[in-house]
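J.: Need coordinates for the below:
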Amino acid sequence: MSTSISTAIIPSKAQFANREAAHELHLEAICVFVATGFFLDQDSYWKDQVVLSPASKHTIDESGVLIDSKPWFTWHYSPRDISFEQALEEFTDLFERIIKEQTQGKTIILPLSGGLDSRTQAAAFKHLDTEVVSYSYEFENGYPETKIAEQLANTCGFEFTRDVIPKGYLWNQLDALANLNQCYSDFTSPRQMAVLDKFPKLGGDLFSLGHWGDVLFDDMRVPDALGFDQQVDHVLNKILKQGGLELAEGLWDTWGLDGGFYDYLRTRVTHLLAQIDIPQSANARIRAFKSLYWAPRWTSVNLAVFEAYKPISLPYYDDRMCQFICTIPEAYLKDRQLQIAYIKTRAPELARITWQDHRPFNLNNYRLNKFPYNTTYKVLDKLKRQFNALGGKPYVQRNWELQFLGSDNEQQLKAILNQNAFLEWIPKTMVDSLLTDFYKQPAPKTAHQVNMLLVLAKFREIDN
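T.: This is a model prediction of the structure:
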């Protein structure tokens, strides 16, 4: 007897099925993974295993083999002739209806940041008079973003807890994280893992997470008339991580795969992008690509960390929100206009609090974040960082700086990367060379390469 499964437009977790193929590693897919940080389309680590595509109805036989898939929704761009005010009114009604349906009768756990997505949620919860416990965290020796989050929470009357992401937490949490995300993501991006053991102290019944709002409610920073080949270039530029292409090409050659890696990746991206029938808007097509392939295969992967404690809700993932976006003119989505207008209308006091991406400005004056208006802040901020660095507190911007740098972290990392099972798969000469390059000059490029080696090493350990 066959089983029918319908997937959401943006699935919050991967669902796997089998296909008729040899049970062997999908090395081409793994090369894409190390280059981009996520598996593409239906790929998994194995040739005989696939992930069910979004927004589709799937038929699976009694042995778990995928028989058929048919889309029930396709991304489109059908902008209506409406005013911005009407679009804002519709967004307000839809967003608050989704929030209410997802959270009614629950005490909500709200992660707050200095950005817009969680601030938009905060405005809705404040308006709906929802009981909320909130929290935020920041990097040790990093920007104190919890100050902004605390201001937001206090303004809304939410309970608030702040935390610090400490140096070297990863090694005690690595096995648990690998089990949660099944090695389908790097290990330093889900920094919430650092505070997982503190979640029970928050109380609350349900997480409300703001993932993907920044993609749906913004443009893709390209001209709408951008040609198709240039759209492919743009997508490749966005998905390829610094250092990812070099690592993927090295593994491709090591494993003796046919052709060249970049040609393989470009061909696949070209094919997937061409299947999105939105010729009139490059921004809408690229947003659709990211929502089809990036959101479910990267953003969704580490939602499992939150679900390890409590159920989750995702207002921006709601099918109705995706359908709504397809009907809104790109001019209204550009530069987060709808979210900003919503916050300014529903909770103007939240709009007056610093927007982290445009600090020290807020939602009312962020357009002043340019020369000469931001010069004084930038100079003073740079001097403060330099002073702290002289005092032995270098400024931390990325989680890998806390988890990989320093002698203790280096020792832990090398112990994992020097396991025999891993070195039978990835040559020790390659591993040693990448580690040497990273510790000689730590940078996003070399950090990504080391990060992906760590994921592959844990995958190999679990697989064995």
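J.: Strands along the stretch 251-400 of the chain, start to end?
T.: 312-313 (DSSP state E, counting those that start in this stretch).
J.: quick one: low-confidence parts of it?
T.: 387, 390 (pLDDT under 70).
J.: Lys106: neighbour count?
T.: 18 (other C-beta atoms under 10 Å). C-betas here are computed from N, CA, C, even on glycine.
J.: which SS state does it fall under?
T.: coil (DSSP: H, G, I helix; E, B strand; the rest coil).
J.: separation between it and Ser313?
T.: Here Lys106 is placed at a distance of 9 Å from Ser313 (C-beta to C-beta, to the nearest Å).
J.: what residues are shared contacts of the two?
T.: Leu206 (C-beta atoms under 8 Å, 6 or more residues apart in numbering).
J.: In which helix or strand does Ser134 reside?
T.: Assigned by DSSP states H and E, Ser134 falls within strand 132-139.
J.: What pairs with that strand, parallel or antiparallel?
T.: Strand pairing for strand 132-139, using DSSP bridges, gives strand 108-111 (parallel), strand 159-165 (parallel).
J.: okay, the ones you listed, which one's buried deepest?
T.: strand 108-111 (a mean of 24; mean count of other C-beta atoms under 10 Å).
J.: just to revisit the earlier point, can you give me the offset of the helix or strand following the strand holding Ser134 from its chain's centre?
T.: Next in sequence after strand 132-139, counting helices and strands by DSSP H and E, comes helix 145-156. Relative to the centre of its chain, helix 145-156 is centred 23 Å away, using C-alpha atoms, centre = their mean, to the nearest Å.
J.: so who does Ser56 touch?
T.: 6-7, 69-72.
J.: List just the nearest of these to His448.
T.: Nearest to His448 out of these is Thr7 (C-beta to C-beta; 29.3 Å).
J.: if we take the contacts of Ser56, which one ends up nearest to Tyr373?
T.: Nearest to Tyr373 out of the contacts of Ser56 is Thr7 (C-beta to C-beta; 46.6 Å).
J.: so who does that closest one touch?
T.: 15, 52-56, 58.
J.: switch to 6 Å and redo it
T.: 52, 54, 56 (C-beta atoms under 6 Å, 6 or more residues apart in numbering).
J.: Now do it against Ala21, distance only.
T.: As judged by C-beta to C-beta, Thr7 and Ala21 stand 21 Å apart.
J.: Show me how this protein divides into domains.
T.: 1-74+227-279, 84-217+299-368, 375-463 (automatic domain parsing).
J.: Present the ones you listed as CSV; the columns should include distance to Lys290.
T.: Formatted as CSV, the domains of the chain follow (distance: least, C-beta to C-beta, whole Å):
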stretch, distance to Lys290
domain 1-74+227-279, 8
domain 84-217+299-368, 6
domain 375-463, 19
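J.: Just say which of those is most tucked in.
T.: domain 84-217+299-368 (a mean of 19).
J.: follow-up on the earlier one: residues making contact with the strand holding Ser134?
T.: 108-110, 112, 125, 144-146, 149, 153, 158-163, 165, 195, 202-204, 396.
J.: returning to what we had before: can I get the contacts of Ser56 in a markdown table with secondary structure, distance to Ile340 and pLDDT?
T.: As requested, the contacts of Ser56 are exported to a markdown table (DSSP: H, G, I helix; E, B strand; the rest coil; distance: C-beta to C-beta, whole Å; pLDDT from 0 to 100):
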| residue | secondary structure | distance to Ile340 | pLDDT |
| --- | --- | --- | --- |
| Ser6 | strand | 34 | 98 |
| Thr7 | coil | 32 | 98 |
| Ser69 | strand | 38 | 97 |
| Lys70 | strand | 38 | 97 |
| Pro71 | strand | 33 | 97 |
| Trp72 | coil | 33 | 98 |
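J.: Please produce JSON lines containing these, extended by distance to Asp463.
T.: Listed next are these as JSON lines, based on distance: C-beta to C-beta, whole Å:
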{"residue": "Ser6", "distance to Asp463": "31"}
{"residue": "Thr7", "distance to Asp463": "26"}
{"residue": "Ser69", "distance to Asp463": "27"}
{"residue": "Lys70", "distance to Asp463": "33"}
{"residue": "Pro71", "distance to Asp463": "32"}
{"residue": "Trp72", "distance to Asp463": "34"}
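J.: What about the contacts of Thr7, which are in strands?
T.: Of these, the ones assigned to strands by DSSP state E are Ser56.
J.: could you dump the contacts of Thr7 to TSV with pLDDT and distance to Glu62?
T.: Putting the contacts of Thr7 into TSV (pLDDT from 0 to 100; distance: C-beta to C-beta, whole Å) gives the following:
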residue	pLDDT	distance to Glu62
Leu52	98	17
Pro54	98	24
Ser56	98	20
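J.: Let's have the contacts of Thr7 in a markdown table, adding distance to Ala29.
T.: A markdown table is the format used below for those (distance: C-beta to C-beta, whole Å):
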| residue | distance to Ala29 |
| --- | --- |
| Leu52 | 16 |
| Pro54 | 18 |
| Ser56 | 20 |
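J.: Double-check that Ser4 belongs to a strand.
T.: Yes - remark: Ser4 belongs to a strand, assigned using three-state DSSP.
J.: how much space is there between it and Thr59?
T.: Taking C-beta to C-beta, one finds Ser4 at 6 Å from Thr59.
J.: now do Lys440
T.: In terms of C-beta to C-beta, Lys440 sits 53 Å off from Thr59.
J.: and what of Gly259?
T.: Taking C-beta to C-beta as the measure, Gly259 falls 33 Å from Thr59.
J.: Repeat that for Tyr377.
T.: Here the criterion is C-beta to C-beta. By it, Tyr377 lies 58 Å from Thr59.
J.: ranges for the helices of the stretch 101-250 of the chain?
T.: Using DSSP state H, counting those that start in this stretch, the helices of the stretch 101-250 of the chain run over 117-128, 145-156, 170-181, 199-202, 213-216, 228-239, 244-254.
J.: I'd like the ones you listed as TSV, with distance to Ile82 appended.
T.: As requested, the helices of the stretch 101-250 of the chain are exported to TSV (distance: least, C-beta to C-beta, whole Å):
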stretch	distance to Ile82
helix 117-128	20
helix 145-156	30
helix 170-181	40
helix 199-202	40
helix 213-216	17
helix 228-239	26
helix 244-254	41
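J.: Quick one, which of those helices gets closest to Lys382.
T.: Of those, nearest to Lys382 by C-beta to C-beta is helix 145-156, at 18.1 Å.
J.: Packing partners of that closest one?
T.: Secondary-structure packing of helix 145-156 (3 or more C-beta pairs under 6 Å, 6 or more residues apart in numbering; DSSP states H and E): helix 117-128, strand 132-139, strand 159-165.
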